[in-house]
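Undergrad: Sequence first, predicted model second:
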Amino acid sequence: HICQFYHSKKDLLDILLPYFKEGLKNNESCMWITSEPLNVREAKNALNKKVKDLNSLIDKGQIEILNYSQWYAKSGGLDTKKALTTLRKKEQTALKNGFSGLRLAGNTFWLEKKDWKDFTEYEAKINNTISSRRMLAICTYSLDKCSASDVIDVVNNHQFALIKRDGKWVSIENPSYRTAINNLKDVSRKYQLLIDHIPLHIAAVDKRGKFIVWNRYSEKNFGYKKKDAIEKLRQKDLHVFPAKALEVIRTVQEKGVFDDNVRLKSKDGSIMDIHLVVVSHQKGSRVNYYGFGEDITERKRLEEKLKTANEELEERVKQGIARAMSERQRLYTVLDTLPVYVIILDNDYRIPFANKFFIERFGKPGDRLCHKYLFNRQEPCENCQTYKVLKTRVPHNWEWTGPDGRNYIIFDYPFIEADSSFKILEVGIDITEQKKLQNTLQRSNTYHRNLIEVSIDPLVTIDSNGKIMDVNKATEQVTGFTREELAGTYFS
């Protein structure tokens with residue numbers, strides 16, 4: 001988006017004639033909006049001297065030369081919104097008709113002071129529009145009608161300005177435009193650095209199907225250097241089945257994204273399985289398609305190998321389960337002969353298995369909860385330690401008094417069932433008689449100890465090796481040594 005400051009008709013022709021000649025040569029659609037001091041007839045005659053077969057180009061619609069009143073009548077006067085819409089449609093029509101872009105020029109000599117503010121806002125919007133489209137524009141301003149502040153307004157809304165100084169045309173760059181260009185270059189450099197270090201195939205194609213983005217991973221995987229891929233290689237060149245390339249684009253157009261596995265080929269003909277995600281991005285009339293591909297060739301090979309292994313394993317597991325069920329039944333038979341109780345508890349307090357010893361002591365549990373079945377409680381017992389093992393995943397033993405009033409030492413073992421659920425194997429040994437014997441022995445030991453301690457004579461207990469095992473208080477008093485000091489020494 002350029003502006004030109006001029007003094008005369010010659011100044012206008014110096015810039016605009018080569019400008020439009022180059023555009024026509026480049027297959028661009030051109031539009032020249034004229035105003036005093038250069039009218040439509042004069043502009044056409046001047047351009048006819050520079051461009052061969054100008055009339056035929058006008059007839060086929062490649063160039064229009066209009067008076068400003070014709071254009072602004074079409075676009076609704078200074079209705080900037082409508083004017084911008086018309087301009088965008090003009091560019092879209094040009095591209096649709098096979099032209100490579102839109103090139104235009106407009107003279108503002110007709111502009112009145114009262115319209116200046118609205119027009120500068122319109123220029124600012126045009127500047128933003130052009131930056132995202134295939135457009136090129138020169139806006140021409142008469143220096144005789146511009147004040148110093150007007151010149152500043154104009155320059156601010158254009159990328160650079162052309163002005164004649166000492167008989168030569170010079171360009172004055174808009175500083176903010178240069179800053180924006182530098183920022184854009186910096187962002188572009190960082191973007192390229194980023195996509196080059198991502199271990200994915202990252203590329204983009206334009207609507208022609210030609211690649212416009214190609215990262216290092218793509219170079220490595222497909223064997224095409226960036227210089228051989230950009231603007232040369234087509235999307236369909238990589239597909240094992242070229243029709244798939246069209247299907248990918250069609251899916252993006254219809255659904256917004258393509259996300260599936262495809263088969264692509266490298267430069268040397270190697271076939272790769274790629275998980276490909278493609279999205280589109282439209283800016284103005286330009287549509288690009290961005291693809292992100294992960295090489296899953298090795299993964300698919302391993303998946304096939306794993307599938308085969310899983311099928312073999314599944315068969316072995318089925319056979320193993322059948323054997324295990326048979327073994328389990330034999331195990332249950334053995335457990336029924338043990339003089340201890342053996343049960344299996346699940347995580348919701350039910351007992352799916354109980355051996356004969358347990359059933360004879362407490363009855364068949366059926367489908368009842370253990371605390372309801374054993375103690376007629378609605379909630380789990382507060383002193384129950386069985387279910388600790390489901391949290392700790394380590395065996396645990398403790399003592400329990402059953403509903404029959406007898407004492408049991410309990411051994412709980414967590415294990416995983418074939419269906420991956422956690423269960424508890426519990427073994428209970430009746431130690432009631434053992435505890436009674438221990439209590440009797442403890443009382444006997446206490447009684448004998450008291451008899452020894454009340455004796456006024458020194459008494460010493462000696463083992464078969466002549467070592468002192470114990471002494472009473474009378475011995476401590478006679479010898480002057482404590483029981484602890486004498487224990488373990490030789491009596492002699």
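TA: Cool, got the structure.
Undergrad: partners of the longest strand along the chain in the sheet?
TA: If each strand of the chain is counted by residues according to DSSP state E, the longest one is strand 271-283. Counting by DSSP bridges, the strands paired with strand 271-283 are strand 257-265 (antiparallel), strand 286-295 (antiparallel).
Undergrad: could you list every residue that touches A94?
TA: By C-beta atoms under 8 Å, 6 or more residues apart in numbering, A94 lies in contact with E28, S29, G101, L102. To be clear about C-beta, it is placed using only N, CA and C from the backbone, and glycine gets the same treatment.
Undergrad: try 6 Å this time
TA: S29, L102 (C-beta atoms under 6 Å, 6 or more residues apart in numbering).
Undergrad: can you tell me how far it sits from K210?
TA: Taking C-beta to C-beta, to the nearest Å as the criterion, A94 is separated from K210 by 20 Å.
Undergrad: same check, this time on R377
TA: With C-beta to C-beta as the criterion, R377 and K210 are 78 Å apart.
Undergrad: need the longest helix for the protein.
TA: Among the elements of the chain assigned as helix by DSSP state H, the one spanning the most residues is helix 297-335.
Undergrad: by contact count, what packs against the next helix or strand after that one?
TA: The C-terminal neighbour of helix 297-335 among helices and strands, as given by DSSP states H and E, is strand 341-345. Here strand 341-345 touches helix 356-362, strand 422-430, going by 3 or more C-beta pairs under 6 Å, 6 or more residues apart in numbering; DSSP states H and E.
Undergrad: Of the strands paired with strand 271-283, which is nearest L66?
TA: Closest to L66 of the strands paired with strand 271-283, according to C-beta to C-beta: strand 286-295, at 26.4 Å.
Undergrad: re earlier: tell me which of the helices and strands packed on strand 341-345 sits most buried.
TA: When you average the neighbours per residue for each of these (mean count of other C-beta atoms under 10 Å), strand 422-430 leads with a mean of 18.
Undergrad: okay, the angle between it and strand 341-345?
TA: Between strand 422-430 and strand 341-345, the angle comes out at 160 degrees (axes from the mean of the first three to the mean of the last three C-alpha atoms, to 10 degrees).
Undergrad: weakest of the strands paired with strand 271-283 in terms of mean pLDDT?
TA: When the strands paired with strand 271-283 are compared by mean pLDDT, strand 286-295 comes last with a mean of 87.
Undergrad: Show me what counts as buried in that strand.
TA: Taking 16 or more other C-beta atoms under 10 Å as the neighbour-count basis, strand 286-295 is seen to contain the buried residues Y289, Y290, G291, F292, G293, D295.
Undergrad: Go through those and name the one nearest N450.
TA: When the buried residues of strand 286-295 are compared for distance to N450, the smallest value, 87.2 Å, is given by D295; criterion: C-beta to C-beta.
Undergrad: any idea how far that closest one is from S270?
TA: With the distance defined as C-beta to C-beta, D295 ends up 11 Å from S270.
Undergrad: ditto for L87
TA: For L87, the distance to S270 (C-beta to C-beta) stands at 49 Å.
Undergrad: Which one of these two is surrounded by more residues?
TA: Counting neighbours by other C-beta atoms under 10 Å for L87 and for S270 shows that L87 has the greater number, 22 against 12.
Undergrad: how far away is that one from I130?
TA: The spacing between L87 and I130, counted by C-beta to C-beta, is 9 Å.
Undergrad: do V213 as well
TA: Counting by C-beta to C-beta, the gap from V213 to I130 is 23 Å.
Undergrad: Check Q159 too.
TA: 9 Å.
Undergrad: R208 too?
TA: Distance of R208 to I130, computed by C-beta to C-beta: 22 Å.
Undergrad: What of P352?
TA: P352 sits at a distance of 78 Å from I130 (criterion: C-beta to C-beta).
Undergrad: Can you pick out the residue with more neighbours from those two?
TA: I130 (20 against 12).
Undergrad: What residues does that one make contact with?
TA: Taking C-beta under 6 Å, 6+ apart as the definition, contacts of I130 comprise H1, A137.
Undergrad: Surely E28 and G101 touch.
TA: Yes. Counting by C-beta atoms under 6 Å, a contact exists between E28 and G101, whose distance comes to 5.0 Å.
Undergrad: quick one, which of those two is more surrounded?
TA: Set E28 next to G101 and count neighbours by other C-beta under 10 Å: E28 wins out with 21 against 18.
Undergrad: now the strands: where do they sit in the stretch 1-150 of the chain?
TA: Under the criterion DSSP state E, counting those that start in this stretch, the stretch 1-150 of the chain carries strands at the ranges 2-6, 29-34, 63-67, 102-107, 135-142.
Undergrad: L276: which of these is closest?
TA: Where the strands of the stretch 1-150 of the chain are weighed against each other on C-beta to C-beta, the nearest is strand 135-142, at 33.2 Å.
Undergrad: Show me what the closest one is packed against.
TA: On a contact count with 3+ C-beta pairs under 6 Å, 6+ apart, strand 135-142 meets strand 2-6, strand 102-107.
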